[in-house]
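Participant: Pasting a predicted model and its sequence here:
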Amino acid sequence: MCFDLQFTLHLVILYFVLGHVCSAETSERIVGGSAVTQKKYRYYVRLHNQGQFMCGGSLVRNNAVLTAAHCVKGTNVKALRIHADTIRLSDAGVVRSVKNALVSKSYNGGILNYDVAVLILSSAIPSSSFTAIPLNKKAVTSGTSCLVIGHGYTTEDGAVAQVLQEVWVPVINRATCQHKYRGVGTITGYMMCASVPGKKDSCGGDSGGPMICNGQQAGIVSWGKGCAQVKYPGVYTDVSKVYDFIEKVLAQYP
C-alpha cells in the first residue's frame, strides 16, 4: 500500500529538521500485533503536527505527555496538537494544544540518545477521558514481556494503522542488543531493546509511544533498523534512566 504523499513529504521535512535522515532502514513501528477494539489504554495519545499524525505519546498526568524527543525537537510548538481518548485515526477525540515541549540538553539526535520529551498541555484532559500511566523507576529484567501500542506501520513498507494496534514483545539483554547493532547503530545505557525476531516489533509511526512492562511505562518507542527483522530488535528509551529528567520537568510545570 502506498503511503500518502503529503504525509510522506511532511515526514521527510520533519526528519531533516531533527537532524537525521528518515529511511526505510531506520524506523519505529508495530508489526505482528492486533487491533485495539476498546478504549482500554486511556493513557495513549496521538501527536499531530500541522494537522498530520506524527507520533504517539502517553499521559503521565492530566496535562503532561511523555513522548520521544525526535518527535518534537526543532518543531513549532504552536503547530502541535494532542489527541486523547480515541483508538481510530479518524476520530479527533479530546484535543489539546501544547504549551511547552521540554527536551533534555543530553538529547543527541545523531544517535537518538536520551530520546525523551515532556509536553505540557494548554489545559488538562478531563478525568473521564484519561488514566495516567505510572512510570517505571528500575531497569526491566531481560525476558520480561511488555506491551507496545501505536498507530505505526503494520508492515515495514506499509502505512499507518487506522485503528490503534497492540503487541507484546520480550525485553532483550542490552549487551545482546549492542552486539546485534554493532556497525549499524549505537545502543547506549539510556536505551533498551525488545522484539520477537522476525515476527513482532514496533514500526514507523509508533515513535514516542509507550512500552508498558508490569503495568508501568518502562520504555518510549525510539528507533530501529527495519521492522520486525530477524537480526535487529526495536530500540526504546529506557524510562528508568531518564526518570529524573521527567520528574524535574513535571515539578517545574505543575
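Facilitator: Thanks, I have the structure now. Everything quoted here is computed from the prediction, not taken from an experiment.
Participant: Can you report how many residues lie near A132?
Facilitator: 16 (other CB atoms under 10 Å). Using the backbone N, CA and C atoms, a C-beta is placed for each residue, glycine as well.
Participant: hang on, I meant G110
Facilitator: Around G110 there are 8 residues (other CB under 10 Å).
Participant: which phi and psi does it have?
Facilitator: In this entry, G110 is assigned phi and psi values of phi -70, psi -40 (degrees, to the nearest 10).
Participant: all strands of this structure, in order?
Facilitator: Assigned strands in the chain, in chain order: 34-35, 44-49, 52-61, 64-67, 80-84, 94-103, 117-121, 145-150, 165-172, 191-194, 210-213, 216-223, 234-238 (criterion: DSSP state E).
Participant: can you redo those as JSON lines with mean pLDDT, mean neighbour count and distance to F130?
Facilitator: As requested, the strands of the chain are exported to JSON lines (pLDDT from 0 to 100; neighbours: other CB atoms under 10 Å; distance: least, CB to CB, whole Å):
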{"stretch": "strand 34-35", "mean pLDDT": "91", "mean neighbour count": "12", "distance to F130": "21"}
{"stretch": "strand 44-49", "mean pLDDT": "98", "mean neighbour count": "25", "distance to F130": "8"}
{"stretch": "strand 52-61", "mean pLDDT": "97", "mean neighbour count": "24", "distance to F130": "5"}
{"stretch": "strand 64-67", "mean pLDDT": "98", "mean neighbour count": "27", "distance to F130": "10"}
{"stretch": "strand 80-84", "mean pLDDT": "98", "mean neighbour count": "22", "distance to F130": "6"}
{"stretch": "strand 94-103", "mean pLDDT": "98", "mean neighbour count": "17", "distance to F130": "8"}
{"stretch": "strand 117-121", "mean pLDDT": "98", "mean neighbour count": "25", "distance to F130": "11"}
{"stretch": "strand 145-150", "mean pLDDT": "96", "mean neighbour count": "24", "distance to F130": "14"}
{"stretch": "strand 165-172", "mean pLDDT": "95", "mean neighbour count": "22", "distance to F130": "18"}
{"stretch": "strand 191-194", "mean pLDDT": "96", "mean neighbour count": "28", "distance to F130": "25"}
{"stretch": "strand 210-213", "mean pLDDT": "98", "mean neighbour count": "27", "distance to F130": "13"}
{"stretch": "strand 216-223", "mean pLDDT": "97", "mean neighbour count": "26", "distance to F130": "14"}
{"stretch": "strand 234-238", "mean pLDDT": "96", "mean neighbour count": "30", "distance to F130": "22"}
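Participant: residues contacting the residue most central in space within the chain?
Facilitator: Among the residues of the chain, G208 comes closest to the average C-alpha position under CA atoms, centre = their mean, at 1.9 Å. G208 is in contact with L47, C55, G56, G57, T67, A68, C71, A117, I220, V221, counting by CB atoms under 8 Å, 6 or more residues apart in numbering.
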